[in-house]
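**Student:** dropping the sequence and predicted coords here.
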Amino acid sequence: MRELRAVWCKKLCYVWDDQRKEFVKLAGLDRGRKCFEYHRFKGYSAYEQSLRLAIYGKNEIHVPVNSILTILVLEALTPFYIFQVFSIMVWFAERYYYYTIAILLMSLFGITSSIVQTRKNQRSLRESMHSAGAVIVCRGNGRYEEISSSYLVPGDVIEIPRNGCTMQCDAVLLNGNCIVNESMLTGESVPVTKNPMPKTNVTYDVKEDSFHTLFCGTRIIQTRSQGSDRILAVVLRTGFLTSKGELVRSILYPPPSDFKFDRDSYKFIVILAVIALLGCVYTVISKSERSIAVADIVIKALGLITIVIPPALPAAMTLGKLYALNRLKRQQIFCMNSRVINVSGSIDCVCFDKTGTLTEDGLDMWGVVPVDNDKLKEPIKDITSLPKSSPLLKGMATCHSLTIINDELLGDPLDVKVFEATGWIIEEASINNNCNSSISNIVKPPIIPRKVNSITINNLNGSRGKDDQSQIEIIRQYQFSSTLQRMSVVTKTDNSSYLEIFCKGSPEMIVSLSNPQSVPHNMQDKLKEFTEKGYRVIAVGTRIIEEICNEEIQKMERTAVESNLEFVGLIILENRIKPETSDVIKVLKGAKIKTVMITGDNIQTALSVAKECGIIGKNENVINVTVEPIESGKPIVSFDVIKTNRNVNKEKQIQTYSCDEIMMENGNNFNFRYCYAMTGTTWAIIKECYPDKVAELVEKGVVFARMSGQQKQQLIQELKTLGYYAGESLIFFLFLFLPLLFILICTIPLFPCIWVSGIEKGLAYI
Ligand SMILES: Nc1ncnc2c1ncn2[C@@H]1O[C@H](COP(=O)(O)OP(=O)(O)OP(=O)(O)O)[C@@H](O)[C@H]1O
């Protein structure tokens, strides 16, 4: 083996590249590999593994616990504490013993508590992150060996135990199916189904291929494979290169941030230093005129410097932070870096998503609206009354990624509610042998007792009436994607000679994928009717295709499956706001903190929820910003002012202005309070065609609906560019803003399991 030069920085290894003449980051197998290539890995021998181990190091995520001395140096080496040491020395020289001892004791208590807290946090992080176990690796030629997971290297082929396990590395699934709880990484407790990596010629991408990747730290709760086949996966990344490793690195080495609080505190010190210097000069001059001894003059002049900064300030700050940390802990919020507590006091904008944050996690089924004769019919509340052959009912029963674990139906709460409303039964299918990858589910209508000559026959042995006979096999799933706003399944009904595709998603998306003739003409009116009431509306589309073999089904492109659909109806769900939401919004608004809703849901639903929870005030008028593409030139932007005056009839409540009319500089042609609402489509077009208007829209925008993940990030970035910091000075912060900080911390229990995904530059995205 040739010699390698490597350096380690922040737990990552950088290897010298002789050709590029620079150090490059050592990567796992996740870069530049085609998907089919992963199937070529057959397992390393012990020798090959040891060679790679020398480069990658052990597969461990080792969190260091700093020594007391290191923490002491880090804690005490702040400008405030250094200044305090200086002050204490001067006060001793002036013989202020009692006062000095009191301050000394306070500071010692502050530093000691801080050290104890930091060590405790570091230890608990180490304990929660440390994990190792035995794993079975393939040594090639069908030989398997049990080794410690610490010796795994990228390229190893491992066996996933049938009864599940906690993943010790990132790995690509080669065969079988796994149902995984990824809450450790994503905070989402909904189990995710992982399918084998297809043998395609496409380059692997961690995000795109996340449904074929098992991530380190996640728990495999159920596995499925054909017969006695072992479930195999090829190790992609180990140690700190894994997704769990990245998470730990981001905690250990948070990105450097330029907080206004820090900058203000240095400005504060400089101003005080100038005042102290002037006082010093005055003391020296006035005392030397009175012929006082030089030593006395020096001590008096230095003493003046020490009283400029309140001596108890550093200790008070430390104690304040400790108090806040303890309050957070009681609310089950774990804060590793106490500096962010100061930062939370600077927050002046909080962005919420809707579902599960402002509204309850669970939804309630309200009813369905099937299509009949080119028209959406009246809503049906009792879903079981739909005929068994109804495509809407079949779509509700099959189009989901639910799974049964320990007799419990698990999956997306929306899917659970929709499926449960049908009353159908779900079962694991027997394995289909002409397919080498996916393992399917079967759904069937409930067994209904039949009455014959007034005797009820409860059909326990499973034989069904003619109408109830058909069971449906879910052959292929295209899982729900927030960006695509939809999911689909390919199904086969017993004894049928064709396959049925069902696609369920946002109404706008299903309409765009449906054959225009199949979309009912009253679709938009009905959609408006339900979304205005704050309901969550999901649409269903279907298509019949001729029967093809399973292997071909597995190769079918998603875009080909989800096209030319027939629109079959709407599913209406109730999504109630959490009882505590309105109070929290009130507190935030009272503290002049801007509240914004950024959601993936329909704009009418979003507006209804925003009004209900108080994000849009009672006296506030909403200006709905829309764009209309034209053949040539820039698209037309319209501003529809929706006045909330109940005495004005509905049509007159809407007034439309053009982009020029609205005088966007200050909006000063309106004599009423207003805020903007828009969708992701409008956002994208305005960003591209009217970049100069973006700032105004963001400043006054409170509801952003149908936003994709990427657009959500763009909006946060725009808010940051607008300078959403705490606008207040440090003195204001110290005396007025600290109570607000505590208010903010008090508000956090709104979210039982809170993941503040970004808290930066005065912006919190929850
Ligand atoms: N399980 C699902 N199956 C099919 N479509 C769904 C499913 N869940 C959500 N959708 C549709 O996709 C849209 C986008 O979903 P996404 O998860 O991005 O946002 P959201 O849940 O509506 O709102 P938020 O961003 O506030 O959480 C939803 O508004 C809904 O119409």
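**Tutor:** Looks like it arrived, so ask away.

**Student:** for the residue of the chain found nearest the ligand, which three-state class applies?
**Tutor:** Using C-beta to the nearest ligand atom, the closest approach of the chain to the ligand is made by residue 600 at 2.3 Å. (Glycine included, C-beta is placed from N, CA and C.) Classification of residue 600 by DSSP: H, G, I helix; E, B strand; the rest coil places it in coil.

**Student:** could you do the one 4 residues further on as well?
**Tutor:** Of the three states, residue 604 takes helix under three-state DSSP.

**Student:** what about it, neighbour count?
**Tutor:** Neighbours of residue 604 under the rule other C-beta atoms under 10 Å: 21.

**Student:** next, the contact list for the closest residue to it other than its chain neighbours, please.
**Tutor:** In space, and not counting its chain neighbours, residue 604 is closest to residue 531: 3.4 Å by C-beta to C-beta, 6 or more residues apart in numbering. Residues near residue 531 by C-beta atoms under 8 Å, 6 or more residues apart in numbering: 537, 602-605, 608.

**Student:** backbone phi and psi for the residue lying closest to the residue of the chain closest to the ligand once chain neighbours are set aside, please?
**Tutor:** Leaving aside its sequence neighbours, residue 600 sits nearest to residue 482 (C-beta to C-beta, 6+ apart; 5.6 Å). Backbone torsions for residue 482, taken as degrees, to the nearest 10, come to phi -60, psi -40.

**Student:** residues contacting residue 482?
**Tutor:** 600, 708-709.

**Student:** residue 141 now?
**Tutor:** residue 42.

**Student:** in a strand, it, correct?
**Tutor:** No - looking at residue 141 with three-state DSSP, it is coil, so not inside a strand.

**Student:** what residues are bridge-paired with residue 442?
**Tutor:** Beta-bridge pairing for residue 442 (DSSP bridges): residue 427, residue 473.

**Student:** now do the contacts for it.
**Tutor:** Taking C-beta under 8 Å, 6+ apart as the test, what residue 442 contacts is 426-429, 471-474.

**Student:** next one: residue 511 relative to residue 470, how far apart?
**Tutor:** 29 Å (C-beta to C-beta, to the nearest Å).

**Student:** neighbour count: the two, which is higher?
**Tutor:** residue 511 (20 against 16).

**Student:** give the helix, strand or coil label for that one.
**Tutor:** Residue 511 ends up helix, using three-state DSSP.

**Student:** and it, how far is that from residue 609?
**Tutor:** With C-beta to C-beta as the criterion, residue 511 and residue 609 are 22 Å apart.

**Student:** go on, residue 587?
**Tutor:** For residue 587 relative to residue 609 (C-beta to C-beta), the value is 18 Å.

**Student:** same drill for the two, tell me which one is more crowded.
**Tutor:** Remark: of residue 587 and residue 609, residue 609 carries more neighbours, 26 against 16, as counted by other C-beta under 10 Å.

**Student:** so that one is in which element?
**Tutor:** helix 603-613 (DSSP states H and E).

**Student:** what does the stretch 1-150 of the chain put close to the ligand?
**Tutor:** Within the stretch 1-150 of the chain, not a single residue sits near the ligand (C-beta under 6 Å from any ligand atom).

**Student:** show me where the stretch 1-150 of the chain has its strands.
**Tutor:** 6-9, 12-17, 22-25, 134-138, 144-148 (DSSP state E, counting those that start in this stretch).

**Student:** ditto for the stretch 451-600 of the chain
**Tutor:** 455-457, 472-481, 486-493, 498-505, 536-546, 566-574, 594-598.

**Student:** now the helix holding residue 609 against strand 536-546, angle please.
**Tutor:** Helix 603-613 and strand 536-546 are oriented at 160 degrees to each other (axes from the mean of the first three to the mean of the last three C-alpha atoms, to 10 degrees).

**Student:** and the contacts of helix 603-613?
**Tutor:** So helix 603-613 is contacted by 354, 358-359, 527-528, 531-537, 575, 577, 581-582, 585, 597, 599, 616, 622, 624, 644, 677-679, 702-703, 705-706 (C-beta under 8 Å, 6+ apart).

**Student:** verify the stated contact: residue 25 with residue 12.
**Tutor:** Yes - with contact defined as C-beta atoms under 8 Å, residue 25 reaches residue 12; the gap is 6.1 Å.

**Student:** between those two, which has more neighbouring residues?
**Tutor:** residue 12 (16 against 11).

**Student:** how about the contacts made by the more buried one?
**Tutor:** So residue 12 contacts 25-26, 240-241, 249 (C-beta under 8 Å, 6+ apart).

**Student:** now the buried members of these.
**Tutor:** 26, 240-241, 249 (16 or more other C-beta atoms under 10 Å).

**Student:** save these as JSON lines, and put in pLDDT too.
**Tutor:** Below are the buried ones among the contacts of residue 12 laid out as JSON lines (pLDDT from 0 to 100):
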{"residue": "26", "pLDDT": "91"}
{"residue": "240", "pLDDT": "94"}
{"residue": "241", "pLDDT": "95"}
{"residue": "249", "pLDDT": "89"}
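
**Student:** got the contact list for residue 162?
**Tutor:** With C-beta under 8 Å, 6+ apart, residue 162 has these contacts: 223, 225, 231.

**Student:** specify the beta-bridge partners of the first one.
**Tutor:** So the one you mean is residue 223. When assigned by DSSP bridges, residue 223 has beta-bridge partners residue 178.

**Student:** burial measure for it, as a count.
**Tutor:** Residues within reach of residue 223, counting by other C-beta under 10 Å, total 20.

**Student:** wait, isn't it in contact with residue 176?
**Tutor:** Yes - contact status for residue 223 versus residue 176: in contact at 6.0 Å, counting by C-beta under 8 Å.

**Student:** so what's in contact with those two at the same time?
**Tutor:** In contact with both residue 223 and residue 176: 160, 231, using C-beta under 8 Å, 6+ apart.

**Student:** looking at this, residue 724 is in a helix?
**Tutor:** No - counting by three-state DSSP, residue 724 falls outside a helix, being coil.

**Student:** that older thread, can you put the contacts of residue 482 in JSON lines and add pLDDT?
**Tutor:** JSON lines is the format used below for the contacts of residue 482 (pLDDT from 0 to 100):
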{"residue": "600", "pLDDT": "91"}
{"residue": "708", "pLDDT": "87"}
{"residue": "709", "pLDDT": "83"}
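
**Student:** by neighbour count, which of the residues you listed wins?
**Tutor:** Going by other C-beta under 10 Å, residue 600 tops the contacts of residue 482 with 21 neighbours.

**Student:** circling back: okay, the strands of the stretch 1-150 of the chain, which one's buried deepest?
**Tutor:** strand 134-138 (a mean of 18; mean count of other C-beta atoms under 10 Å).

**Student:** might you calculate how far that strand sits from the centre of the chain?
**Tutor:** 32 Å (C-alpha atoms, centre = their mean, to the nearest Å).

**Student:** show me what counts as buried in stretch 249-258.
**Tutor:** The neighbour-count check on stretch 249-258 (16+ other C-beta under 10 Å) flags 249, 252 as buried.

**Student:** give the contact list for the residue of the chain closest to the ligand.
**Tutor:** Contacts of residue 600 by C-beta under 8 Å, 6+ apart are 353, 355, 482, 485, 705-708.

**Student:** drop anything exposed from those.
**Tutor:** Buried among those (16+ other C-beta under 10 Å): 353, 355, 485, 705-708.

**Student:** would you list those residues in TSV and tack on secondary structure?
**Tutor:** Formatted as TSV, the buried ones among the contacts of residue 600 follow (three-state DSSP):
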residue	secondary structure
353	coil
355	helix
485	coil
705	strand
706	coil
707	coil
708	coil
